[in-house]
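Peer 1: Kindly generate the corresponding structure for this input.
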Amino acid sequence: MRVTNQKNGAVLATNAVKANTGPTRRTGLLRHQSLPAGEGLWIVPCEGVHTIGMKFAIDVVYLDKKKKVVKLRPEMGKWRMSLCLRARSVLELPSGTVAATATAVGDVLEFEE
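Peer 2: A predicted model of the protein is given here:
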């Protein structure tokens with residue numbers, strides 16, 4: 001799916017995948033060797049993520065139920081954990097995407113199939 005920042009029109013992902021089942025949420029990006037530009041993983045529901053066992057850094061975007069950005073964790077390195085109890089879902093993106101798209105807390109993201 002395509003993910004766009006409604007505030008500035010920036011495209012965060014052109015090929016994001018939704019992880020909304022137990023197995024897909026548990027596995028996440030752990031089996032990936034990298035996350036190419038334009039790709040992402042939208043984990044629903046989710047309040048926290050980790051990069052334990054991952055081979056690369058990611059940008060983490062926490063969203064509320066209206067898909068408003070409530071927290072950002074850009075360039076989250078390997079073997080880290082992050083949590084946001086106000087979040088309803090998490091969008092994992094290639095490292096550097098948040099900065100490149102000028103995405104900020106308070107922005108609203110649009111997800112298109």
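Peer 1: Strands along this structure, start to end?
Peer 2: 2-5, 11-13, 15-19, 39-43, 48-50, 58-63, 69-76, 81-83, 89-94, 109-112 (DSSP state E).
Peer 1: Verify the contact between residue 1 and residue 19 for me.
Peer 2: No - look at residue 1 against residue 19 with CB atoms under 8 Å: they stay out of range, at 11.9 Å. Yep, even glycine has a C-beta here, placed from its N, CA and C like the rest.
Peer 1: Looking only at neighbour counts, state which of those two leads.
Peer 2: residue 19 (21 against 14; other CB atoms under 10 Å).
Peer 1: where's that one relative to residue 40, distance?
Peer 2: Distance, residue 19 to residue 40, by CB to CB, to the nearest Å: 10 Å.
Peer 1: returning to that earlier point: next, show the common contact partners of residue 1 and residue 19.
Peer 2: residue 42 (CB atoms under 8 Å, 6 or more residues apart in numbering).
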